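Visitor: One predicted model, sequence on top.
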Amino acid sequence: MNLIYTALLLNSAGKDVNEENVKKIASAVGTVDDAQVKALVSALEGVNIKEVIEKASMPVAVAAAPVGGAAPAAKDEGPSEADKEKRAEDAAEGLSSLFG
């Protein structure tokens, strides 16, 4: 898990997620397994981490309960269930590359 956090830290700092950078940071918190570092770096090759994070974070709207006998407001048409599923699948597909 530390290696994934390392990759996220490097990405947020605008640095390349490569073996050298990952090893520098990961070694500061403990021992580093070279095979895991290589696997992580190769899994993230060509992946736009920022884009994956944006796709994965979906806002959750909470509806307020109607008060008394007030007529319900007109329902605003949001994204359909199919659109929500597609976005979730796209996000999961990008993240699945992290785990092989």
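Guide: Happy to help now that I have it. Numbers count the residues shown, from 1 in each chain.

Visitor: residue ranges with poor pLDDT in this structure?
Guide: By pLDDT under 70, the low-scoring segments of the chain are 58-79, 91-100.

Visitor: same thing but 80
Guide: Of all residues in the chain, those with pLDDT under 80 make up the ranges 57-100.

Visitor: So which residues of it form strands?
Guide: For the chain, applying DSSP state E gives no strands.

Visitor: can you pull out the helices in it?
Guide: Along the chain, the stretches classed as helices by DSSP state H are 2-12, 19-29, 34-44, 49-56, 81-96.

Visitor: Mind putting these into a markdown table with mean neighbour count?
Guide: (Each C-beta comes from the backbone N, C-alpha and C, glycine too.) Compiled in a markdown table, these are given as follows (neighbours: other C-beta atoms under 10 Å):
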| stretch | mean neighbour count |
| --- | --- |
| helix 2-12 | 17 |
| helix 19-29 | 15 |
| helix 34-44 | 15 |
| helix 49-56 | 14 |
| helix 81-96 | 12 |
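
Visitor: From Asp90, how far out is Glu51?
Guide: 10 Å (C-beta to C-beta, to the nearest Å).

Visitor: what sits against the residue nearest to Asp16 when sequence neighbours are not counted?
Guide: Among residues not flanking Asp16 along the chain, Leu10 sits closest, at 7.1 Å (C-beta to C-beta, 6 or more residues apart in numbering). Leu10 makes contact with 16-17, 21-22, 25, according to C-beta atoms under 8 Å, 6 or more residues apart in numbering.
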